[in-house]
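Novice: let me see the structure of the following:
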Amino acid sequence: MKKFLIAKTTLLAVLLSSSVVLFFSCNSSQTITFQKDIAPIIHKNCTPCHRPNGGGPFSLIGYWDVAKRGKMIAHVTKTKYMPPWPADPNYSSFTDEKILTQQEIDLIQQWYKSGKKAGDTSLIKSPEILQYGSLLGKPDMVLNLEPVAIKNDNLDRFYVIKIPYQLGKDTFVRALEFVPGKPSLVHHMNGHYYKFSPSTNPFIGNKILTTGTENFSTEFKGFNLQNSDGSLPLRVHSAVNYLPGTYGIKYPIGIGGFVLAKNGAFMANDIHYGPSKVNTIDSSKLYIYFDKKPPQRPTYELMLGTNGVAPILPPLQIAPNIISKHVTQLEIYNDISVLTINPHMHLIGKKFKAYAIKPNGDTIKLINIPKWLFRWQYFYTFKNPVKIPKGSIIKVEAEFDNTIDNPNNPFTPPKLIAERLEFGGASMRTIDEMLQFIITYMPYHKGDELIDINQP
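Specialist: Prediction:
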C-alpha cells in the first residue's frame with residue numbers, strides 16, 4: 001500500500017511537471033510584437049517627451065523609431081533609468097506616474113531578445129499627444145507668445161512676455177497649459193493673469209521685454225498693465241506655470257479654474273531659457289480649456305522656502321566641497337486638502353523629502369526624492385486630495401552636494417553656491433541655487449479624501 005502511494009505521488013508529480021512545461025511552452029509561443037505589446041507601453045510612458053518638439057532628444061512613436069533603439073531601450077528600462085520618475089513610489093503615489101511594472105519591463109526585454117517583431121502596425125492608434133502637444137486634448141483657445149530669438153552664446157536668458165486676448169464675453173476656464181516651442185531650452189515659466197475692465201484694450205503696450213537678469217520690477221513699465229481709467233486690474237498669481245517634464249493639470253469638474261474676463265492678458269512674468277549652443281527661435285503657446293460652469297472649489301497656492309512664507313534653515317549658502325542639509329517648515333492653521341505639490345531645486349540638489357506632522361504626532365507622507373534629477377521636475381498630483389489637519393507642521397528636508405563628485409556641479413573646482421537676493425527675491429539662474437516646495441490646495445471639506453482626481 002505504501003509503495004502504491006509513492007508511485008501514485010510520483011506519477012502526479014510527473015503529470016504536473018509536464019503540464020507546467022506545456023503551459024510555459026504554449027505561453028512562450030505567443031509572439032510578442034510592437035503593435036500588440038510594446039506600442040501601448042511606449043506611447044503611454046515615453047512618447048509624451050520623445051516626439052517632435054518634446055523634451056526628449058529623439059522621437060519614440062512608430063515601430064522603426066523604437067526598433068532601431070531596441071538595445072538601448074531594453075537597457076534603460078531594465079535599469080529603471082527611463083522613464084524618469086524621481087519620486088519614490090514606495091513613499092507616496094500620484095496620478096500619471098511614469099513607472100513601468102515588472103511585467104512591462106519583462107515584455108520589452110523579451111521583445112528585444114526575440115527579434116523586435118513589428119506585428120500589424122496599421123492597427124496602432126496614433127498617440128493623442130501628437131495632435132496637440134498636450135495630454136489634456138484639444139484646447140478651446142490657443143494664444144501664441146511673441147517669438148523669442150535665442151543666441152548660441154551659452155548664456156541664461158530671462159524674458160517678460162505679455163500675452164493679450166479678447167473674447168466676446170466673460171468665460172469660465174477649467175485648465176491652462178503652457179506648451180514650450182523648445183522644451184530642451186525652456187527651463188521654467190511662471191505666468192500671472194490680469195483681468196481688465198470691459199473698456200480696456202489689452203493689446204496696447206509692449207509684448208516682450210528682455211531683462212537680461214531675473215529683475216522683474218519693470219513688469220508694469222511699458223506693458224500698460226492697467227485699466228483704461230488708470231486703476232490696476234485684478235491679478236491671479238501663478239495662473240499657469242511650467243517646468244521640464246510637466247503638462248497641464250485638469251482637476252475634476254468644480255475644482256480649480258477661474259473666470260476669464262472679456263478683456264485680459266497673461267504675463268509670462270519670467271520665462272527662463274537655459275544656455276544654448278545653437279541660434280534658434282522659440283515660439284511657445286498657451287492652451288486654454290473652457291468650462292460651462294464657474295468653479296465651486298477655488299484652489300490656492302502655498303510656497304515654502306525660496307521666495308516663500310517659510311525661511312530656509314540654515315540659510316542657503318553652500319560652501320564649496322561640502323554636502324549640506326537644510327530645512328524649511330510651516331504650521332498650518334486651517335484644515336486643507338492638498339491637490340498638487342512641486343519640489344524645486346537646482347543643479348547641486350541631492351535629496352528632497354516633504355511630509356506633515358499632525359498634532360497627534362502622526363506623519364503624513366508627501367514626497368520623497370532620494371536622487372534629485374534637475375532635468376525632471378514635475379508637478380505631482382495626488383490620486384485623492386490629502387487632508388492636512390489644522391495645527392500640522394509641513395516640513396521639508398533637503399540635501400545639496402557642492403563637491404567635485406557631483407557631476408551636475410556647474411563649477412570646477414566647486415565654488416560658493418547660494419540664493420542671490422539682489423532683486424528682493426532669489427536668483428533663478430541655473431548656476432545659483434533654490435529650495436522651494438509649492439503646494440496647491442483647497443480648504444478642506446468632509447469627504448475630500450474620496451475625490452478621484454482622475455475623474456473628469
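Novice: and what about P40, helix, strand or coil?
Specialist: helix (DSSP: H, G, I helix; E, B strand; the rest coil).
Novice: distance of the spatially closest residue to V76 that is not a sequence neighbour from I108?
Specialist: Excluding its sequence neighbours, the residue lying closest to V76 (C-beta to C-beta, 6 or more residues apart in numbering) is M82, at 4.1 Å. C-beta coordinates here come from the backbone N, C-alpha and C atoms, glycine included. Distance of M82 to I108, given as C-beta to C-beta, to the nearest Å: 11 Å.
Novice: how about the contacts made by the residue nearest to P233 when sequence neighbours are not counted?
Specialist: Leaving aside its sequence neighbours, P233 sits nearest to Y194 (C-beta to C-beta, 6+ apart; 4.5 Å). Applying C-beta atoms under 8 Å, 6 or more residues apart in numbering, we find Y194 in contact with L225, P233, L234, R235, V236, G264, A265, F266, M267.
Novice: now the strands for the stretch 51-200 of the chain?
Specialist: Assigned by DSSP state E, counting those that start in this stretch, the stretch 51-200 of the chain shows strands spanning 141-144, 148-150, 157-166, 171-179, 186-195.
Novice: dump those strands into a markdown table; add distance to P244 as well.
Specialist: Output for the strands of the stretch 51-200 of the chain, formatted as a markdown table (distance: least, C-beta to C-beta, whole Å):
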| stretch | distance to P244 |
| --- | --- |
| strand 141-144 | 21 |
| strand 148-150 | 16 |
| strand 157-166 | 16 |
| strand 171-179 | 12 |
| strand 186-195 | 7 |
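Novice: would you tell me what the next helix or strand after the helix or strand where N384 lies is?
Specialist: Element membership for N384, per DSSP states H and E: strand 380-388. The helix or strand immediately downstream of strand 380-388 is strand 393-402, counting by DSSP H and E.
Novice: just the CA atoms of that following strand, as CSV, please.
Specialist: What follows is strand 393-402, C-alpha atoms only, in CSV (Å, rounded to 0.1, in the frame of the first residue of the first chain):
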residue,chain,number,x,y,z
ILE,A,393,3.6,71.2,10.5
ILE,A,394,4.7,70.7,6.9
LYS,A,395,8.4,70.0,6.9
VAL,A,396,10.9,69.9,4.0
GLU,A,397,14.3,68.3,4.4
ALA,A,398,16.8,68.8,1.5
GLU,A,399,20.4,67.9,0.8
PHE,A,400,22.8,69.7,-1.5
ASP,A,401,26.1,68.3,-2.9
ASN,A,402,28.6,71.1,-3.7
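Novice: list the strands paired with it, with their directions.
Specialist: Strand 393-402 has its sheet partners listed here by DSSP bridges as strand 322-331 (antiparallel), strand 349-357 (antiparallel).
Novice: which residues of the chain score low on pLDDT?
Specialist: Where the chain drops to pLDDT under 70, the residues are 1-29, 210-221, 245, 420-428, 456.
Novice: now the helices for it?
Specialist: With DSSP state H as the criterion, the chain has helices at 2-28, 39-45, 63-67, 70-78, 102-113, 129-132.
Novice: give me the buried positions along the last one.
Specialist: Buried residues in helix 129-132, counted by 16 or more other C-beta atoms under 10 Å: I129, Y132.
Novice: again with stretch 150-166
Specialist: Neighbour-count burial for stretch 150-166 [16+ other C-beta under 10 Å]: I150, D156, R157, F158, Y159, V160, I161, K162, I163, P164, Y165.
Novice: this structure - how does it break down into domains?
Specialist: 1-26, 31-130, 141-296, 301-450 (automatic domain parsing).
Novice: contacts only, for V66.
Specialist: F34, I38, A39, I42, L60, I73.
Novice: so where do the strands sit in the stretch 251-400 of the chain?
Specialist: All strands of the stretch 251-400 of the chain, identified by DSSP E, counting those that start in this stretch, fall at 258-260, 263-273, 280-282, 285-291, 300-305, 317-318, 322-331, 336-345, 349-357, 363-369, 380-388, 393-402.
Novice: just send those strands back as CSV, with distance to E419 and mean neighbour count too.
Specialist: Formatted as CSV, the strands of the stretch 251-400 of the chain follow (distance: least, C-beta to C-beta, whole Å; neighbours: other C-beta atoms under 10 Å):
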stretch, distance to E419, mean neighbour count
strand 258-260, 31, 19
strand 263-273, 16, 22
strand 280-282, 27, 16
strand 285-291, 29, 20
strand 300-305, 10, 19
strand 317-318, 8, 17
strand 322-331, 11, 17
strand 336-345, 11, 23
strand 349-357, 13, 20
strand 363-369, 20, 19
strand 380-388, 24, 20
strand 393-402, 12, 21
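Novice: in TSV: those strands, plus distance to N454.
Specialist: Below are those laid out as TSV (distance: least, C-beta to C-beta, whole Å):
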stretch	distance to N454
strand 258-260	22
strand 263-273	27
strand 280-282	32
strand 285-291	16
strand 300-305	22
strand 317-318	39
strand 322-331	29
strand 336-345	12
strand 349-357	23
strand 363-369	19
strand 380-388	7
strand 393-402	25
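Novice: can you say which of the ones you listed is nearest to F203?
Specialist: The closest of the strands of the stretch 251-400 of the chain to F203 is strand 263-273. By C-beta to C-beta, the value is 8.5 Å.
Novice: helices and strands around that closest one, which ones?
Specialist: In terms of contacts (3 or more C-beta pairs under 8 Å, 6 or more residues apart in numbering; DSSP states H and E), strand 263-273 is packed against strand 148-150, strand 157-166, strand 186-195.
Novice: what lies in contact with stretch 67-77?
Specialist: Applying C-beta under 8 Å, 6+ apart, the contact partners of stretch 67-77 are 34, 58, 60, 66, 81-83, 100, 104-105, 108-109, 111-113, 116, 118.
Novice: go again with 6 Å.
Specialist: With contact meaning C-beta atoms under 6 Å, 6 or more residues apart in numbering, stretch 67-77 is reached by M82, L100, I105, I108, Q109, Y112, K116.
Novice: of these - the most surrounded one?
Specialist: I108 (23 neighbours; other C-beta atoms under 10 Å).
Novice: how much space separates it from K98?
Specialist: 14 Å.
Novice: cool, and S228?
Specialist: Going from S228 to K98 by C-beta to C-beta gives 47 Å.
Novice: more crowded one of the two?
Specialist: K98 (18 against 14).
Novice: ramachandran coordinates for the spatially closest residue to the more buried one that is not a sequence neighbour?
Specialist: Spatial nearest neighbour of K98, excluding adjacent residues (C-beta to C-beta, 6+ apart): P83 at 4.1 Å. With angles defined as degrees, to the nearest 10, P83 sits at phi -70, psi 150.
Novice: now for Q110: which residues touch it?
Specialist: Taking C-beta under 6 Å, 6+ apart as the test, what Q110 contacts is I32.
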